[in-house]
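J.: need a 3D model of the following:
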Amino acid sequence: MPNSLGNHLGATEKNRRRERREEVDNGWVEIDGRTYPVKNWSAHGFMVRPCDVDCNVADELDVKIVIRFAIEKIEFSCSAIVVRIDKKRQELAAAYVVLNDAAQLAVANHFGDSSTSIDR
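T.: Model prediction:
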C-alpha cells in the first residue's frame with residue numbers, strides 16, 4: 001500500500017483527488033538537481049514517474065516545475081510537500097506549499113481557477 005497524506009489534505013478515503021488532474025506530455029520537475037518527468041499536474045500539485053528521490057511522505061522539497069504546451073510554457077520554482085510515494089510504481093506526488101504571485105497567476109489562469117492561493 002502506498003504511503004499517503006491524502007486524508008490530511010482534504011481528500012476522502014474513497015476519492016483521494018481534490019480536483020481535476022491534467023496529463024502531461026512535455027513537462028518535468030527538478031528535485032535535488034535531477035529531473036523527473038511529470039505524469040500529471042493540477043492547480044495544487046503534481047505527480048512524477050518514474051522517480052527515485054530519497055524522501056518520505058510529509059517531507060518538504062524545493063522543486064522547479066516546467067510544463068510545455070504547444071503555445072504556452074509554465075515554469076516556476078516552489079516548495080512542495082510529499083503527499084504520496086509508491087516505490088513499486090516509482091511515483092511521487094506532491095502538493096505546492098508556497099507559490100509566488102506570478103506562479104499562482106500562471107497556474108490559476110491555466111486551470112481557470114481563482115482559488116489557487118497556496119500560502120502557509
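
J.: Val98 contacts Ala80, correct?
T.: No: contact criterion Cβ atoms under 8 Å: Val98 and Ala80 do not qualify, at 9.0 Å. (C-beta placed from N, C-alpha, C; glycine too.)

J.: more neighbours: these two, which one.
T.: Neighbour count, other Cβ atoms under 10 Å: between Val98 and Ala80, Ala80 has more, with 25 against 13.

J.: which helix or strand contains the nearest residue to the more buried one once chain neighbours are set aside?
T.: Distance criterion Cβ to Cβ, 6 or more residues apart in numbering; nearest residue to Ala80, sequence neighbours excluded, is Ala94 at 3.9 Å. Using DSSP states H and E, Ala94 sits within strand 91-98.

J.: so, low pLDDT: which residues of this protein?
T.: 1-18, 113-120 (pLDDT under 70).

J.: so which residue of it lies furthest out from the middle?
T.: Ile71 (21.6 Å; Cα atoms, centre = their mean).

J.: now the lengthiest strand in the chain, how far from the chain's geometric center?
T.: Longest strand in the chain by number of residues (criterion: DSSP state E): strand 73-86. Distance of strand 73-86 from its chain centroid, counting by Cα atoms, centre = their mean, to the nearest Å, is 4 Å.

J.: now it: buried residues?
T.: 74, 76, 78-86 (16 or more other Cβ atoms under 10 Å).

J.: do stretch 24-41 as well
T.: So stretch 24-41, judged by 16+ other Cβ under 10 Å, has buried residues 24, 27-29, 31, 36, 38-41.

J.: only alpha carbons, please: show that stretch as CSV.
T.: The C-alpha coordinates for stretch 24-41 follow below in CSV (Å, rounded to 0.1, in the frame of the first residue of the first chain):
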residue,chain,number,x,y,z
VAL,A,24,1.4,16.0,-19.2
ASP,A,25,3.2,15.0,-22.4
ASN,A,26,6.1,17.5,-22.1
GLY,A,27,7.0,18.5,-18.6
TRP,A,28,9.5,17.9,-15.9
VAL,A,29,10.2,18.6,-12.2
GLU,A,30,13.7,19.2,-10.9
ILE,A,31,14.4,17.9,-7.4
ASP,A,32,17.9,18.0,-5.9
GLY,A,33,19.5,18.7,-9.3
ARG,A,34,17.8,15.8,-11.1
THR,A,35,14.9,16.0,-13.5
TYR,A,36,11.9,13.7,-13.4
PRO,A,37,9.0,13.5,-16.0
VAL,A,38,5.7,14.9,-14.9
LYS,A,39,2.9,12.3,-15.3
ASN,A,40,0.1,14.7,-14.3
TRP,A,41,-0.5,18.0,-12.5
